[in-house]
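S.K.: Everything below, folded, please.
(5 chains)
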Amino acid sequence: MQLAKVLGQVVSTVKEPGLARFTLLLVQDAGGADPEQTRGAAYVAVDLVGAGIGEIVLIATGSAARVAAGADAPTDRAVVGIVDTVTRSGRTTYRKD
Amino acid sequence: MQLAKVLGQVVSTVKEPGLARFTLLLVQDAGGADPEQTRGAAYVAVDLVGAGIGEIVLIATGSAARVAAGADAPTDRAVVGIVDTVTRSGRTTYRKD
Amino acid sequence: MQLAKVLGQVVSTVKEPGLARFTLLLVQDAGGADPEQTRGAAYVAVDLVGAGIGEIVLIATGSAARVAAGADAPTDRAVVGIVDTVTRSGRTTYRKD
Amino acid sequence: MQLAKVLGQVVSTVKEPGLARFTLLLVQDAGGADPEQTRGAAYVAVDLVGAGIGEIVLIATGSAARVAAGADAPTDRAVVGIVDTVTRSGRTTYRKD
Amino acid sequence: MQLAKVLGQVVSTVKEPGLARFTLLLVQDAGGADPEQTRGAAYVAVDLVGAGIGEIVLIATGSAARVAAGADAPTDRAVVGIVDTVTRSGRTTYRKD
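M.R.: Numbers count the residues shown, from 1 in each chain, chains lettered A, B, ... in the order given. Prediction:
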């Protein structure tokens, strides 16, 4: 899974029915030494865990996103966890407030 | 899903039968701070929502594209939503005209 | 799908049986403003449409390649269409001779 | 599979039920001439082999991660092996202590 | 499929049972004008064709690797062919000795 930060939300009225039941979150990858530092292009993931803006989350990609979202959901990204702590070599580099 | 902008269209007469029922859109990723700014190489996605040129759309990749397009469609990219608004930290950074 | 240009061919005598029935084409991605301009590393795709050298084609990647090539074909890339025209914002940027 | 180094651990209390039975390891790709030299962003993989911090491991990505972790596990990365030795052109470039 | 060069071998004693029957090859992508010139990080693929060090091979990625290796093999890369020749625009740029 990717570590990513929730930036905001995307609204789409005209969309595939299989996406209708989800909140669409705007997220950005965050896997550097400082997990709050994001990088790369933002993308969109369906929210499965009730994540809030600014939180560091776990993103499942590819078919793994549909294991959780449902096989009929045409999504390739899903938020599957909210991160509490990240530890590197015994040192905590991120802790959720 | 990726945020992308619809640039135009691709016509292919000699193609796999499973692609015959779709419009093939030329799109380019658009996930920067300004969602109208595109980047990277253009690619081709089957249109499932009737997207128009210049619109910002949601692209499903991999097997997720076939959840919506049909399991017999040999495509790895599909347009699965037309974006109305993108919001970052409470501020609207894109709004469809 | 990716836009790509057919560069040539690859011959492999010792290979998985599921690849035996295909011509293996050497292709390179081509999705810039000029679709004849290629970029990145060349790769190998099974030919499903009788594409010729120099043609611009559509490449399906991942499991989509096997939708067309057959579920028993151990390939992750397939040529699924020959491109006639590419149009950007109403202007034709590529036309097959 | 990717060669990667185990950096640490990620804790997530609010997560998909299918992830509950796994330790979530923080890993980073390591495929250069010196396998102890890592590169790129860190990411998260479920641990299937009891890997320890600092070890070089094999990471399966995509649906291959679920072959080992279980089809109901919404993960796209799994640690599927602990590397003992890496040999290049007959020369051992890495040996587990 | 990717063109890649076989660099060496990886030994892993503690690994998923589904990997036990395979030789694990260390390979590196090779898709430039000179197919003997490699680039990028090295990675690990299961050997399905008896490839030797220094040979140029075809690598299947993703679920295609399991079509050949067996559905129970937790691998995302497999060597599925040994390349005899690569031809670009009618000119042979690689020939196996």
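
S.K.: For the rest of this, base every contact and every neighbour count on C-alpha atoms.
M.R.: Will do.

S.K.: Dead centre of chain A: give me the residue that sits there.
M.R.: Residue closest to the average C-alpha location in chain A (Cα atoms, centre = their mean): A:V79, at 3.7 Å.

S.K.: That residue in helix, strand or coil?
M.R.: Three-state assignment for A:V79 (DSSP: H, G, I helix; E, B strand; the rest coil): strand.

S.K.: List the residues that contact it.
M.R.: By Cα atoms under 8 Å, 6 or more residues apart in numbering or on different chains, the contact list for A:V79 reads A:A45, A:V46, A:D47, A:L48, A:V49, A:A51, A:V57, A:L58, A:I59, A:A60.

S.K.: Buried members of those into PyMOL, please.
M.R.: Selection of buried members from the contacts of A:V79 for PyMOL, criterion 16 or more other Cα atoms under 10 Å in any protein chain shown:
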select buried, chain A and resi 45+46+47+48+51+57+58+59+60
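
S.K.: Tell me which stretches of chain A form helices.
M.R.: Along chain A, counting by DSSP state H, helices occupy A:64-69.

S.K.: Chain E contacts on that one?
M.R.: Residues of chain A lying near chain E by Cα under 8 Å from any Cα of the partner chain: none.

S.K.: what does chain A put close to chain B?
M.R.: Residues of chain A lying near chain B by Cα under 8 Å from any Cα: A:7-16, A:18, A:26, A:41-45, A:53, A:62-63, A:66, A:71-77.

S.K.: And the pLDDT for the residue nearest to the centre of chain A?
M.R.: What the model reports for A:V79 is a pLDDT of 98.

S.K.: How about it: which residues does it bridge to?
M.R.: Counting by DSSP bridges, A:V79 forms beta bridges with A:D47, A:I59.

S.K.: returning to what we had before: please identify which pair of the contacts of A:V79 lies farthest apart.
M.R.: For these, the maximum inter-member distance is 14.1 Å, found between A:A51 and A:A60 (Cα to Cα).

S.K.: In chain A, what residue comes closest to chain D?
M.R.: Nearest residue of chain A to chain D, counting by Cα to the nearest Cα: A:G81, 3.9 Å away.

S.K.: how about that residue, what does it touch?
M.R.: A:L48, A:V49, A:V57, A:L58, A:I59, D:S12, D:T13, D:V14, D:K15, D:E16 are the contacts of A:G81 under Cα under 8 Å, 6+ apart.

S.K.: what's the longest strand along chain A in contact with?
M.R.: With residue count as the measure and DSSP state E as the assignment, chain A has strand A:2-11 as its longest strand. Strand A:2-11 is contacted by residues A:23-31, A:35-36, A:38, A:44, A:51-60, B:83-90, D:42-44 when judged by Cα under 8 Å, 6+ apart.

S.K.: Pull out the buried residues from those.
M.R.: A:23-31, A:35-36, A:38, A:44, A:51-53, A:55-60, B:83-88, D:42-44.

S.K.: if you look at the residues you listed, which of them are in strands?
M.R.: Within these, residues falling in strands by DSSP E are A:24-29, A:44, A:56-60, B:85-88, D:43-44.

S.K.: okay, now the nearest residue to the residue of chain A closest to chain D once chain neighbours are set aside: neighbour count?
M.R.: In space, and not counting its chain neighbours, A:G81 is closest to D:K15: 3.9 Å by Cα to Cα, 6 or more residues apart in numbering or on different chains. Neighbourhood size, D:K15 [other Cα atoms under 10 Å in any protein chain shown]: 19.

S.K.: from what I can see D:K15 touches A:V80, true?
M.R.: Yes - assessed by Cα atoms under 8 Å, D:K15 is found in contact with A:V80 at 5.5 Å.

S.K.: Identify the contacts common to the two.
M.R.: With Cα under 8 Å, 6+ apart, D:K15 and A:V80 have common neighbours A:V49.

S.K.: which one of the contacts of A:G81 is nearest chain C?
M.R.: The nearest member of the contacts of A:G81 to chain C, counting by Cα to the nearest Cα, is A:I59 at 20.0 Å.

S.K.: Distance of the residue nearest to A:K5 when sequence neighbours are not counted relative to A:A78?
M.R.: Nearest residue to A:K5, sequence neighbours excluded (Cα to Cα, 6+ apart): A:I56, at 4.5 Å. Noted for A:I56: a distance of 13 Å to A:A78, by Cα to Cα, to the nearest Å.

S.K.: Retrieve the pLDDT associated with the residue nearest to A:K5.
M.R.: Value for A:I56, per-residue pLDDT: 97.

S.K.: cool, and the one 5 residues further on?
M.R.: A:T61 carries a pLDDT value of 98.

S.K.: Thought A:D76 was touching it, still the case?
M.R.: Yes - judged on Cα under 8 Å, A:T61 makes contact with A:D76 at a distance of 5.4 Å.

S.K.: what residues are shared contacts of those two?
M.R.: Contacts common to A:T61 and A:D76, judged by Cα under 8 Å, 6+ apart, are absent.

S.K.: got the contact list for stretch A:25-35?
M.R.: Stretch A:25-35 has contacts (Cα under 8 Å, 6+ apart) with A:2-10, A:36-47, A:56, A:93-94, B:86-88, D:41-43.

S.K.: Need the mean per-residue confidence for that stretch.
M.R.: Stretch A:25-35 comes out at a mean pLDDT of 88.

S.K.: quick one: terminal-to-terminal distance for it?
M.R.: From its first residue to its last, stretch A:25-35 covers 18 Å (Cα to Cα).

S.K.: Kind regards, and thank you for your time.
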